[in-house]
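Trainee: from the sequence below, what's the structure:
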Amino acid sequence: MSRTRIKVCGLTREADVADAVAAGVDAVGFVLWPGSGRHVSAARAGELARALPPFVTPVLLFVDAAPDEIAAGIAAVPGALLQFHGNETTAQCEAAGRPYLRAARMAEGLDLLDFARRFSSAQALLLDTHAEGYGGSGKVFDWSRVPAGVPCPVVLSGGLNPANVIDGVLRVRPFAVDVSSGVESSDAPRKGIKDATLIRRFCEAVREADERLARPAPASRAT
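Mentor: Modelled structure (predicted):
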């Protein structure tokens, strides 16, 4: 069984990038949408990404960005995976010619299988809680609404934290999990300030979930 990948999003400081790397994450996300409290400029994302070692993937998050904004992000972080969180069409997601994640906001009535077919070129679908506007709500959605047979990798997001991510992994069996507010310091003066202990506990919880999934089922007793 393959392990669950881990992404920490909304990083704004070198110290937090270092803490995420030390905890063993697979990817880190930089929010290039100006409407977010975790927003960083393309140039700042480039500075933060330069601290990443090989095999930790930088991800640039956009919301209905203009082509020149996307191009600026790619120029600053050449090896980045793109993540689209707005109303982008398939053509707009593909326009940059780069691998991308497509966020699916899990509103009532969303046909996730149809959504996956429309964005079949995406590397994965990131399932996030539906909220007014954009940006993390800090709340989970009803995981039972994720249908079986989604024809691409799924990244579980939305309100995850060290206390609930084990349940999320066991129930959804995602390819990866994505956390932001769930590993932030509660007494920080602004969004985007991560807590090294929470990042470590989150990663440990994901690994514990993987270990549980890998255990053989107990043999049933004959009657």
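Trainee: mind listing what Arg13 touches?
Mentor: The neighbourhood of Arg13, defined by CB atoms under 8 Å, 6 or more residues apart in numbering, consists of Leu48, Gly192, Ile193, Lys194. Every residue, glycine included, has its C-beta placed from N, CA and C.
Trainee: please apply the same query to Thr12.
Mentor: So Thr12 contacts Arg38, Val40, Arg44, Leu48, Gly192, Ile193 (CB under 8 Å, 6+ apart).
Trainee: what's the pLDDT at it?
Mentor: If you check Thr12, the pLDDT there is 97.
Trainee: next one: Glu204
Mentor: 98.
Trainee: kindly report the same for Thr223.
Mentor: For Thr223, the model assigns a pLDDT of 51.
Trainee: now do Gly135
Mentor: 55.
Trainee: those helices in the chain, which residues are they?
Mentor: 14-23, 42-49, 67-76, 90-94, 112-118, 165-172, 196-214 (DSSP state H).
Trainee: apart from its neighbours in sequence, what residue is nearest the residue nearest the centre of the chain?
Mentor: The structure's the chain has its C-alpha centroid closest to Asp178; by CA atoms, centre = their mean the separation is 3.2 Å. With sequence-adjacent residues excluded and distances taken as CB to CB, 6 or more residues apart in numbering, Asp178 is closest to Ser157, at 3.9 Å.
Trainee: hmm, the one you found is touching Phe175, no?
Mentor: No. Counting by CB atoms under 8 Å, Ser157 stays clear of Phe175, with 11.9 Å between them.
Trainee: output the below-cut-off pLDDT ranges for the protein.
Mentor: For the chain, applying pLDDT under 70 flags the ranges 1, 132-137, 219-223.
Trainee: now the helices of the chain in a markdown table, with distance to Arg105?
Mentor: Below are the helices of the chain laid out as a markdown table (distance: least, CB to CB, whole Å):
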| stretch | distance to Arg105 |
| --- | --- |
| helix 14-23 | 25 |
| helix 42-49 | 23 |
| helix 67-76 | 20 |
| helix 90-94 | 15 |
| helix 112-118 | 10 |
| helix 165-172 | 16 |
| helix 196-214 | 22 |
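Trainee: got a list of what the residue nearest to Asp178 touches?
Mentor: Neighbour list for Ser157: Cys9, Ala103, Leu126, Leu127, Asp128, Thr129, Val177, Asp178, Val179 [criterion: CB under 8 Å, 6+ apart].
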